[in-house]
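**Q** quick one, fold the following:
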Amino acid sequence: MKKYDGIIIGAGPNGLTVGAYLAKAGLKVLLLDKRYEMGGGLATEQVTTPGFLHDTHAIYHMMVDYAPPLKDFKLEDEYDLKWIYPDIQVVMPFSDGKYLALYKDPERSYQSIKQFSAKDAEAFRDFARWSQQAMDLFLAPASYVNPMASLDQSARLEANEITRRDDELTGFTPRQIVDGWFENERVRALFLYLATMWGLDYDLEGLGYLVPLMINRGWHYRLCQGGSHHLAHLMSKVIYENGGMILASTDVKRIVVDDGEAKGVEMVDGEFIEAGKFVCSSLNPQQTFLELVGEQHLEEELATRTNEWQYSDWSLFTVHLAMDEAPRFKVAESDPELNNALIYILGYEGEEDLVNHFEAIKRGELVEGGFNCCFPSVHDPLRAPSGRHIGLISQEAPYNLSNGGPEAWYRVRRQHVERCKSTLSKYAPNIIEENIIWDYISTPLDIENKFPDMKQGCFKQGAYLPLQMGYFRPNEYCCQHSSPINRLYMCGACTHSGGMITFGPGYCATEKIAEDLGIEKWWPEPDCVRVAREAGLL
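**A** The predicted structure is shown next:
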């Protein structure tokens, strides 16, 4: 019988985080992953033709300037991790040839916005300054500590002038917040898109405090050189170098619970692997508790809350392109630098177009146009053969289609790809069929099939709802990344601080496990967390 100090189910970014920290702390850890390749959403694959490397899930890295593992494991200093941070972060072109652009330098963004509204430019300048203060003081550090009760946290935020402003946004919808800041319809469209592109409902109250974080990250995105999966490989090296083990293509049948305590896992083939100190799951709560633990081992309250867990009603429809040449955008004819942006948001002429898209999603309908796209090989030549390029179209789309449910995607996916390509060619006329070598399609249903923990294609393992965030993510019984079952922990995107490859859930779970086991931490407290604690915010 095999025995390890700890078993981690799921070797995605958060499972890798737990494994790397605890392996370096001296524990004998085993990571188990159902897929043939570890890394979870950190996936880079040759899905079109050989030599074209596509990030088939996570591509835009939003918390590189804060995430503790990147610094603690010295992935840039002692390994070969390199981040690409383009000067032009986002371009939103319009049919009349005008455009909005966000740059690394907010002052350049100010000048772009000023062409549409001097008032909005000033509002942006104020927002950029304040949101960065809020990020440094609370929004970022809060991602890397276990959450406190909502009322207690709110009281602390109210006592600080900078964070009070953020806390006061909580009861507003993203659209109300954006409309309160900006007056121009095109400016509103850009910032409402940034506020909602990672899971916030434009018309939902209760999560307004996240809007500044989402928009602020709109000029802090990075690409991982060589593909997002390279980051997973480097973290796996840390695990192996410190005596840990990762086994892919393995299927866990159940978490073995005896007398209220997790003892290990039973594999589908009947093998039992003992965990002497802990089991940690990076799966969604229903997989962890209902499928692997079994409802018979759960207290009634935990079973009820787990059954109530909700997934998003929308996901992503993506198209990966292998191309003969890089796109040449119409708006770049007067400024070639605009061909080098990281993200392009296409198909919206104003805020109403975006809102109509959101409403169509709720009805289960597809829209023509309206998506973001990226061409990574423009910034990272390693992604494609010499002289050739890759592209990504990424569109918010319903999981359940009104004309047949999720299975209807198999009937309409090709037709919808062609609509998206047609929209792209309106802005970049050289991207036509003659210059597209191959494409690869992924629908919301395909996401669920590829990553079973992302039920309904929900890439955050659970919707962002007021009662599914912070102290209630995934519920009040497991919000500290532990659970009512002794020695069973959670570290997936369904836990605080959510999805988007921030490494927050894995880091918070590591902190809790180390605390419970009395492990001497080899890693320092993150500087941003220390500052927030000294300010009385955490």
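
**Q** and T49, helix, strand or coil?
**A** Classification of T49 using DSSP: H, G, I helix; E, B strand; the rest coil returns coil.

**Q** could you do Y4 as well?
**A** strand.

**Q** grab the nearest non-local neighbour of E368.
**A** Of all residues not flanking E368 in the chain, R419 sits nearest, at 5.1 Å (Cβ to Cβ, 6 or more residues apart in numbering). Backbone N, C-alpha and C define where each C-beta goes, glycine included.

**Q** quick check: S315 is in a strand.
**A** Yes. The assignment for S315 is a strand, going by three-state DSSP.

**Q** point me to the helix or strand that includes the residue nearest to E368.
**A** When elements are defined using DSSP states H and E, R419 is found to belong to helix 409-427.

**Q** check A322 too.
**A** Residue-wise, A322 maps onto strand 314-323 under DSSP H and E.

**Q** hmm, Q480 and F472 touching each other?
**A** No. Assessed by Cβ atoms under 8 Å, F472 is found out of contact with Q480, at 12.0 Å.

**Q** then the strand holding A322 to PDB, C-alphas only?
**A** Extracted C-alpha coordinates of strand 314-323, given in PDB (Å, rounded to 0.1, in the frame of the first residue of the first chain):
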ATOM      1  CA  TRP A 314     -22.800  31.400 -19.500                       C
ATOM      2  CA  SER A 315     -19.300  30.300 -20.500                       C
ATOM      3  CA  LEU A 316     -16.900  30.900 -23.400                       C
ATOM      4  CA  PHE A 317     -17.100  30.000 -27.100                       C
ATOM      5  CA  THR A 318     -13.500  30.100 -28.500                       C
ATOM      6  CA  VAL A 319     -11.900  29.700 -31.900                       C
ATOM      7  CA  HIS A 320      -8.200  29.100 -32.200                       C
ATOM      8  CA  LEU A 321      -6.700  30.100 -35.500                       C
ATOM      9  CA  ALA A 322      -3.500  29.000 -37.300                       C
ATOM     10  CA  MET A 323      -2.700  31.800 -39.800                       C
END
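
**Q** quick check: buried residues in it?
**A** The neighbour-count check on strand 314-323 (16 or more other Cβ atoms under 10 Å) flags 314-323 as buried.

**Q** contact partners for P444?
**A** 314-317, 397-399, 406, 409, 456-457 (Cβ atoms under 8 Å, 6 or more residues apart in numbering).

**Q** the helix holding R419 to strand 314-323, inter-axis angle?
**A** Counting by axes from the mean of the first three to the mean of the last three Cα atoms, to 10 degrees, helix 409-427 lies at 60 degrees to strand 314-323.

**Q** count of residues packed around the closest residue to E349 other than its chain neighbours?
**A** Once flanking residues are discounted, E349 sits nearest to F94: 5.9 Å by Cβ to Cβ, 6+ apart. For F94, the neighbour count with other Cβ atoms under 10 Å is 17.

**Q** cool, I255 as well?
**A** With other Cβ under 10 Å as criterion, I255 counts 24.

**Q** give the buried residues for the helix or strand harbouring it.
**A** If you go by DSSP H and E, I255 is part of strand 252-258. By 16+ other Cβ under 10 Å, the buried positions in strand 252-258 come out as 252, 254-257.

**Q** V187 against A118, yeah?
**A** No. With contact defined as Cβ under 8 Å, V187 does not reach A118; the gap is 11.2 Å.

**Q** so L70: helix, strand or coil?
**A** Of the three states, L70 takes helix under three-state DSSP.

**Q** leaving out chain neighbours, which residue sits closest to it?
**A** For L70, the nearest residue in space outside its immediate sequence neighbours is V64; the separation is 6.5 Å by Cβ to Cβ, 6+ apart.

**Q** got a list of what the one you found touches?
**A** 70, 83, 220, 222.

**Q** relative to D5, how far out is the first one?
**A** Put plainly, it is L70. 25 Å (Cβ to Cβ, to the nearest Å).

**Q** repeat for the last one
**A** The gap separating R222 from D5 is 34 Å, by Cβ to Cβ.

**Q** how about the second one?
**A** Counting by Cβ to Cβ, the gap between W83 and D5 amounts to 33 Å.

**Q** out of these two, which sits in the busier spot?
**A** D5 (19 against 16).

**Q** quick check: phi and psi at G387.
**A** Phi and psi for G387, reported as degrees, to the nearest 10, are phi 80, psi -10.

**Q** show me what contacts the most centrally placed residue in the chain?
**A** The residue lying closest to the centre of the chain (Cα atoms, centre = their mean) is M500, at 1.2 Å. When contacts are counted by Cβ under 8 Å, 6+ apart, M500 is found next to 58, 62-63, 198, 460, 493.

**Q** of the residues you listed, which is the most crowded?
**A** Going by other Cβ under 10 Å, A493 tops the contacts of M500 with 31 neighbours.

**Q** SS state for it?
**A** Assigned with three-state DSSP, A493 falls in the coil class.

**Q** settle this for me: it is touching A463, isn't it.
**A** No. Checked against Cβ under 8 Å, the pair A493 and A463 is beyond contact range at 11.3 Å.

**Q** got the contacts of V64 as TSV, with pLDDT and distance to M135 columns?
**A** Below are the contacts of V64 laid out as TSV (pLDDT from 0 to 100; distance: Cβ to Cβ, whole Å):
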residue	pLDDT	distance to M135
L70	98	16
W83	98	18
H220	98	9
R222	98	15
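
**Q** now, those that are in strands?
**A** In this view, the contacts of V64 that belong to strands under DSSP state E are W83.

**Q** between the contacts of V64, which sits nearest I447?
**A** R222 (22.6 Å; Cβ to Cβ).

**Q** burial measure for that closest one, as a count.
**A** By other Cβ under 10 Å, neighbour count at R222 equals 20.

**Q** what's it in contact with, if anything?
**A** With Cβ under 8 Å, 6+ apart, R222 has these contacts: 60-61, 64, 83-85.
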